[in-house]
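K.L.:
fold the following.
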Amino acid sequence: MIEDDVLYFQRRAGAELELAQRATKPEVVAAHHRLAEAYLDRIASVEPARQVEHA
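P.N.:
Predicted coordinates for the structure are as follows:
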């Protein structure tokens, strides 16, 4: 389950970064960067549990 979550969050963060690169309005770029950062934060919060799971 955790592995699936990490893969999902990685895909979403990547998609948000791609959307940020294509956006032309600064506020839209910033919004996509915030969303990507939120997904990356979720990965960081799951990583400790993931490491324990693989120990």
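K.L.:
kindly indicate whether Thr24 is helix, strand or coil.
P.N.:
coil (DSSP: H, G, I helix; E, B strand; the rest coil).
K.L.:
list the contacts for it?
P.N.:
By C-beta atoms under 8 Å, 6 or more residues apart in numbering, the contact set of Thr24 is empty. C-beta: built from backbone N, CA, C; applies to glycine.
K.L.:
just the pLDDT at it, thanks.
P.N.:
At Thr24, the model reports a pLDDT of 98.
K.L.:
try the one 3 residues further on
P.N.:
Glu27 carries a pLDDT value of 98.
K.L.:
let the chain start at 41 from now.
P.N.:
Noted, 41 is the first residue going forward, which turns the last one into Glu67.
K.L.:
so it is in which element?
P.N.:
Per DSSP states H and E: Glu67 is located in helix 66-94.
K.L.:
buried set for that helix?
P.N.:
For helix 66-94, burial by neighbour count (16 or more other C-beta atoms under 10 Å) applies to 72, 75-76, 79-80, 82-83, 86.
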